[in-house]
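A.B. asks: Let's see this in three dimensions:
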Amino acid sequence: MPQELSAQQNPQEFLGKLFEKAVAAADPAHCLQTYLPAPPKGRTIVIGAGKAAASMARAVEDNWPGALTGLVVTRYQHGLDCNRIEVVEAAHPVPDQKGIDAASRILAMVENLSADDLVLCLISGGGSALLSIPAPGITLIEKQDINRQLLKSGAPIDAMNTVRKHLSAIKGGRLAKAAFPARIVTLAISDVPGDDPAIIASGPTVFDQSTPQDAYDILQEYKIDLPESIEKHLTGETAALISNQAHPENTYQLIATPQSSLEAAAQYCLDHKIRPLILGDAIEGEARVVARQMADFIRSFIANDLSGGWPVAILSGGETTVTLKGNGRGGRNAEYLLALGLALDHTPDIYSIACDTDGIDGSEDNAGARFGPDTLERAKSLNINPLAMLDNNDGYGFFEKLDALIFTGPTRTNVNDFRATYITRSRARACPRV
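C.D. replies: From the prediction side, this is the model:
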């Protein structure tokens with residue numbers, strides 16, 4: 001049997017290292033340089049949006065051999081100082097006027113370019129809200145309200161971005177159309193299940209196959225209250241697909257993905273004689289439902305002694321959703337982890353973390369949280385009712401009381417959620433619930 005972690009090693013510290021490795025694999029300073037194109041005959045204009053926009057811009061500046069100018073927009077507190085590329089901070093996940101102003105400037109920068117010019121577009125998660133210009137006839141307030149309703153509805157990210165594209169004057173390929181005849185090279189960090197370029201940041205440089213009717217149907221499915229202007233925009237006679245005029249040599253390159261970050265964490269496991277098991281990088285669904293499914297899998301895995309006697313780290317990524325019914329402080333990772341702990345029900349020798357790789361779990365200030373075999377007992381000793389807190393969507397509050405939140409600050413990258421469960425030893429005969 002392979003040697004387990006030494007008694008001096010803290011399992012939660014090990015899980016924290018896995019998260020660090022996952023984030024580092026998606027750091028633009030490490031992964032962007034090799035994807036840069038050759039300088040063009042004409043000008044180089046750098047534009048971008050997302051939680052990684054500032055770090056991507058700095059990586060471009062550090063490695064670009066010629067002249068360039070540009071502007072990128074990122075989330076508040078996610079900025080970095082750059083010398084030639086302007087960095088603007090704006091609101092996420094609900095857009096604000098600063099984001100609209102920055103997006104309007106970006107759109108103006110790519111107009112009236114020549115075929116000799118290059119637009120280097122830096123896209124990452126969060127770009128959909130940050131690169132926001134309402135379609136004609138729709139106000140910022142109306143877009144903000146639709147965003148808030150969608151965020152509370154439990155709608156998956158691809159559905160939300162379909163709506164955003166059809167309420168926008170810049171998403172869904174409209175930025176590429178504006179830049180024609182200049183060539184666009186898009187470098188992207190994926191934060192969506194499946195890594196679809198049309199979904200990442202709502203695809204500003206990728207022409208979309210969805211229709212205004214698709215967006216309208218999503219809004220109806222999730223019972224979103226629509227103002228007359230948006231209903232008319234999506235269903236009226238003027239509702240239509242955008243034409244796909246763009247430079248034939250436009251390219252789109254993923255420089256970091258959720259899978260590559262999971263693989264980096266898996267390699268760290270192997271380096272420390274821990275068997276990694278990657279369940280997938282695109283696990284979606286209601287956070288507490290996914291947590292119960294994960295708990296069932298873990299119990300079955302242990303009961304059937306599938307570890308072969310090895311300590312095992314079960315890794316997964318993707319993006320869960322939360323349908324808000326309570327008024328607690330949540331975050332999808334905190335909700336997932338609390339539901340997982342309740343479902344595992346005091347099973348020993350199991351440690352878990354769930355974190356957002358951007359360092360911000362939803363709209364809170366933490367990246368995620370940690371859960372151990374003693375967490376429920378600690379909660380009981382403090383008269384904390386975990387089930388009641390889960391019912392109130394108060395995962396943040398639960399882990400805060402136990403000093404089990406994980407804080408990293410903005411990581412300035414984003415490859416979606418990272419979840420890891422560490423089973424410290426084989427326990428094949430200790431799971432009577434299976």
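A.B. asks: what about the nearest residue to residue 226 once chain neighbours are set aside, how many residues close to it?
C.D. replies: Nearest non-adjacent residue to residue 226, counting by Cβ to Cβ, 6 or more residues apart in numbering: residue 219, 6.0 Å away. Just so you know, the C-beta spots here come from the backbone N, C-alpha and C atoms, and that holds for glycine as well. The local packing of residue 219 (other Cβ atoms under 10 Å) involves 24 other residues.
A.B. asks: Is it correct that residue 219 is in contact with residue 164?
C.D. replies: No. Contact criterion Cβ atoms under 8 Å: residue 219 and residue 164 do not qualify, at 11.3 Å.
A.B. asks: Assign the nearest residue to residue 83 once chain neighbours are set aside to helix, strand or coil.
C.D. replies: Beyond its immediate neighbours in the sequence, the residue positioned closest to residue 83 (Cβ to Cβ, 6+ apart) is residue 61, lying 6.0 Å away. Under DSSP: H, G, I helix; E, B strand; the rest coil, the three-state class of residue 61 is helix.
A.B. asks: check contacts around residue 61.
C.D. replies: For residue 61, the contact set (Cβ atoms under 8 Å, 6 or more residues apart in numbering) comprises 68, 82, 83, 84, 85.
A.B. asks: In a markdown table: those residues, plus distance to residue 405.
C.D. replies: Listed next are the contacts of residue 61 as a markdown table, based on distance: Cβ to Cβ, whole Å:
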| residue | distance to residue 405 |
| --- | --- |
| 68 | 40 |
| 82 | 31 |
| 83 | 36 |
| 84 | 38 |
| 85 | 34 |
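A.B. asks: top of the residues you listed by neighbour count?
C.D. replies: Counting by other Cβ under 10 Å, top hit in these: residue 85 with 25 neighbours.
A.B. asks: the strands in this structure, which residues?
C.D. replies: For the chain, the strands defined by DSSP state E occupy 44-49, 69-75, 85-90, 118-123, 183-189, 251-256, 275-286, 312-321, 350-356, 368-371, 405-406, 417-423.
A.B. asks: Could you dump those into TSV and include distance to residue 36 and mean pLDDT?
C.D. replies: TSV is the format used below for those (distance: least, Cβ to Cβ, whole Å; pLDDT from 0 to 100):
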stretch	distance to residue 36	mean pLDDT
strand 44-49	10	98
strand 69-75	14	98
strand 85-90	14	98
strand 118-123	8	98
strand 183-189	8	98
strand 251-256	10	98
strand 275-286	25	95
strand 312-321	26	95
strand 350-356	28	97
strand 368-371	32	98
strand 405-406	33	98
strand 417-423	27	97
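A.B. asks: Of those strands, give the one that comes closest to residue 154.
C.D. replies: Checking those against residue 154 by Cβ to Cβ gives strand 312-321 as the closest, at 4.7 Å.
A.B. asks: Which positions within the helix of greatest length in the chain qualify as buried?
C.D. replies: Across the chain, the helix with the greatest residue count (assigned by DSSP state H) is helix 287-303. By neighbour count on 16 or more other Cβ atoms under 10 Å, the buried set for helix 287-303 is 287, 288, 290, 291, 294, 295, 298, 299, 301, 302, 303.
A.B. asks: In CSV, list the C-alpha atoms belonging to it.
C.D. replies: Provided in CSV are the C-alpha atoms of helix 287-303 (Å, rounded to 0.1, in the frame of the first residue of the first chain):
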residue,chain,number,x,y,z
ALA,A,287,-25.7,23.4,-5.6
ARG,A,288,-27.4,21.4,-2.9
VAL,A,289,-28.5,18.7,-5.4
VAL,A,290,-25.0,18.4,-6.8
ALA,A,291,-23.8,18.1,-3.3
ARG,A,292,-26.1,15.2,-2.5
GLN,A,293,-25.1,13.4,-5.6
MET,A,294,-21.5,13.9,-4.7
ALA,A,295,-22.1,12.5,-1.2
ASP,A,296,-23.7,9.4,-2.7
PHE,A,297,-20.8,8.9,-5.0
ILE,A,298,-18.3,9.3,-2.1
ARG,A,299,-20.1,6.8,0.1
SER,A,300,-20.3,4.3,-2.8
PHE,A,301,-16.6,4.8,-3.6
ILE,A,302,-15.6,4.0,-0.1
ALA,A,303,-18.0,1.1,0.4
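A.B. asks: can you list the domains in this structure?
C.D. replies: The chain breaks down into these domains under automatic domain parsing: 11-24+258-423, 29-256.
A.B. asks: Show me the shaky parts of this protein.
C.D. replies: Counting by pLDDT under 70, the low-confidence segments of the chain come to 1-9, 237-245, 426-434.
A.B. asks: go again using 80 as the cut-off
C.D. replies: Counting by pLDDT under 80, the chain has low-confidence residues at 1-9, 237-247, 305-309, 425-434.
A.B. asks: Can you tell me the centre-most residue of it?
C.D. replies: Here the mean C-alpha position of the chain is nearest to the C-alpha of residue 416 (Cα atoms, centre = their mean), at a distance of 3.2 Å.
A.B. asks: Now do the contacts for that one.
C.D. replies: Each residue near residue 416 by Cβ under 8 Å, 6+ apart is listed here: 125, 190, 191, 192, 193, 258, 281, 317, 318, 319, 356, 357.
A.B. asks: Out of the residues you listed, flag the one nearest to residue 19.
C.D. replies: Proximity to residue 19 was ranked across the contacts of residue 416 by Cβ to Cβ; first place goes to residue 357, at 7.9 Å.
A.B. asks: Report the separation between the nearest residue to residue 142 once chain neighbours are set aside and residue 174.
C.D. replies: Closest residue in space to residue 142, ignoring its immediate chain neighbours: residue 227 at 5.2 Å, by Cβ to Cβ, 6+ apart. Look at residue 227 and residue 174: by Cβ to Cβ, to the nearest Å, they are 22 Å apart.
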